[in-house]
Structure formats: C-alpha cells, structure tokens
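Peer 1: Make a model of this:
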Amino acid sequence: MNENKKVKSYLSSTLQCRCPRCRNGKLFVFPISIKLKQNMQMNKHCKTCGQLTEIEVGFYYGTGYVSYALTVALSVASFVAWFVLIGMSVKDNRFFIWMGANAILLLLLQPWLMRLSRSIWISWFVFYEPDWEKIKKDNQSVEIS
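Peer 2: Numbering: from 1, shown residues only. From the prediction side, this is the model:
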C-alpha cells in the first residue's frame with residue numbers, strides 16, 4: 001500500500017457514501033439529483049477494491065431503522081435550534097410553524113438521508129481493511145494457481 005496515500009476517517013467516508021472496505025470507491029452510481037430513480041442506484045461492487053455492495057438479498061431492509069433514527073435526531077436538533085433562536089409558544093402557533101418547517105426540511109433531505117442510511121448500514125457489516133490491495137493481489141494469485 002502506498003504510505004503517502006491519505007486515509008479517510010470512518011465518519012468522512014460514511015458521510016460521503018464511500019466503500020467501507022477501502023474508503024475510496026463510491027457506493028452510488030449517480031450523484032444526488034432530482035431524478036429519484038437514479039438516487040438509490042448502487043454500484044454492484046466497489047470500483048476500487050471490488051467489495052460487493054449488496055452482501056445478500058434484502059440486505060438493506062434494516063436501513064429503515066437507521067433512517068428513522070436519523071430523522072428523529074434531525075427533528076430534535078431542529079426543535080432545539082428553533083427553541084433557542086425563535087422560542088416556542090402554542091399561543092402564537094410557533095410550535096406548528098416549526099412542525100411545518102421541520103417536515104419541509106425532512107422532505108428536502110430525504111434523498112440524502114436514504115443514501116446516508118445505506119452507507120451507515122453497510123459500514124456496520126463491512127469493515128475497513130487498510131491492506132485491501134495486498135489481500136486482493138493474494139486472492140488473485142490463489143485463483144490463478
């Protein structure tokens with residue numbers, strides 16, 4: 001492995017939706033766009049290290065729980081920010097305005113949240129391998145023999 005190559009951290013590679021094994025390859029085929037069908041198209045395997053992105057059939061069903069946790073965390077954060085910056089009162093409907101603003105925020109962030117939840121989910125099952133290049137070469141030499 002090239003010693004000069006900068007290794008991405010777990011957090012940055014997960015937020016950028018990179019392969020958890022090599023932390024370089026992209027998990028998704030297309031960047032986030034308004035074309036919703038393209039947003040969730042994943043590469044079959046990492047273009048850098050060859051790691052499969054769908055480990056088994058139905059692997060990503062658990063991402064619903066991750067997505068739910070992310071939306072709850074975002075809702076709590078937006079509530080706290082609203083409470084600190086604007087204040088909260090039922091008398092003048094500030095609470096209901098926050099609910100509407102929070103719903104719009106979550107709708108706008110939904111494509112990114114769905115991708116992020118997949119990236120987090122796969123990172124829990126596929127671990128970072130700093131020597132993936134050496135292992136890949138060793139596996140290729142075994143297959144050739």
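
Peer 1: where along the protein do the helices fall?
Peer 2: 10-15, 36-39, 63-85, 94-125, 132-144 (DSSP state H).

Peer 1: which other helices and strands contact the shortest one?
Peer 2: Translated: helix 36-39. With contacts defined as 3 or more Cβ pairs under 8 Å, 6 or more residues apart in numbering; DSSP states H and E, helix 36-39 has these neighbours: helix 94-125. Placement of C-beta: from N, CA and C, glycine included.

Peer 1: re the thing from before, and the helices of the chain: which comes nearest Phe30?
Peer 2: helix 36-39 (4.4 Å; Cβ to Cβ).

Peer 1: Can you give the distance from the closest one to the centre of its chain?
Peer 2: 15 Å (Cα atoms, centre = their mean, to the nearest Å).

Peer 1: Could you do stretch 14-27 as well?
Peer 2: Computed by Cα atoms, centre = their mean, the chain-centroid distance of stretch 14-27 equals 9 Å.

Peer 1: With adjacent residues omitted, what lies nearest to Ile86?
Peer 2: Nearest residue to Ile86 in three dimensions, chain neighbours excluded: Arg94, at 6.3 Å (Cβ to Cβ, 6 or more residues apart in numbering).

Peer 1: check contacts around that neighbour.
Peer 2: 82, 86-88 (Cβ atoms under 8 Å, 6 or more residues apart in numbering).

Peer 1: can we see that at 10 Å?
Peer 2: Counting by Cβ atoms under 10 Å, 6 or more residues apart in numbering, Arg94 touches 82-83, 86-88.

Peer 1: Same question for His45.
Peer 2: 19, 25, 51-54.

Peer 1: before we move on, what about Ala103?
Peer 2: Taking Cβ under 10 Å, 6+ apart, we find Ala103 in contact with Ser75.

Peer 1: that older thread, need the contacts of Arg94 in a markdown table with neighbour count, can you?
Peer 2: A markdown table is the format used below for the contacts of Arg94 (neighbours: other Cβ atoms under 10 Å):
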| residue | neighbour count |
| --- | --- |
| Trp82 | 18 |
| Phe83 | 13 |
| Ile86 | 12 |
| Gly87 | 9 |
| Met88 | 12 |
